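Novice: can't give you the sequence, but here's the structure:
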């Protein structure tokens, strides 16, 4: 079954529209990447307009910024501690923007969108 980002077949009241339209290629969507912790696995795909996005399926390192020293470093991800997107993403170790991860240098909040940008950037949280 294809994912379509089109108009609903139901009215706000619950009644059905008489559909005078069919599915079109420009309405096609994708399932979420659900980036996990593990050996790096990334795939590129073409977007509308000829652009390219990198979908990150798993990653084990993060680009970490220390706001106190203004230095960046690449560190290992140990696990997901907190996720505002979905509470079940914590136990499944799924990385999303805004989630808090445990690293070898301490806790950090992810500032990038791993499933869309293909990179994981984070900022160290004060403890």
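Specialist: On my side now, so go ahead. Worth saying up front: this structure is predicted, and the values here are computed from it rather than measured.

Novice: just the pLDDT at the residue of the chain most remote from its centre, thanks.
Specialist: The centre of the chain is farthest from one residue, residue 18, which by CA atoms, centre = their mean lies 35.6 Å away. Listed pLDDT for residue 18 reads 88.

Novice: quick one, phi psi at the residue nearest the centre of the chain?
Specialist: Centroid-nearest residue in the chain, with CA atoms, centre = their mean: residue 115, separated by 3.7 Å. Main-chain torsions, residue 115, degrees, to the nearest 10: phi -70, psi -20.

Novice: list the contacts for it?
Specialist: Counting by CB atoms under 8 Å, 6 or more residues apart in numbering, residue 115 makes contact with 32, 33, 34, 35, 55, 56, 96. The C-beta positions use only the backbone N, C-alpha and C, and glycine is treated the same way.

Novice: can you get me a residue count around the closest residue to residue 7 other than its chain neighbours?
Specialist: Spatial nearest neighbour of residue 7, chain neighbours left out: residue 21 (7.2 Å); criterion: CB to CB, 6 or more residues apart in numbering. Look at residue 21: counted by other CB atoms under 10 Å, it has 10 neighbours.

Novice: quick check: phi and psi on residue 21?
Specialist: Backbone torsions of residue 21, given as degrees, to the nearest 10, read phi -140, psi 160.

Novice: equivalent analysis for residue 54, please.
Specialist: Dihedral angles for residue 54 - degrees, to the nearest 10 - are phi -110, psi 120.

Novice: if it is in a bridge, with which residues?
Specialist: Residue 54 has these beta-bridge partners by DSSP bridges: residue 44.

Novice: in this structure it contacts residue 44, no?
Specialist: Yes: between residue 54 and residue 44 a contact is recorded at 5.1 Å, counting by CB atoms under 8 Å.

Novice: for the residue nearest to residue 7, give me the pLDDT.
Specialist: Per-residue confidence (pLDDT) for residue 21: 83.
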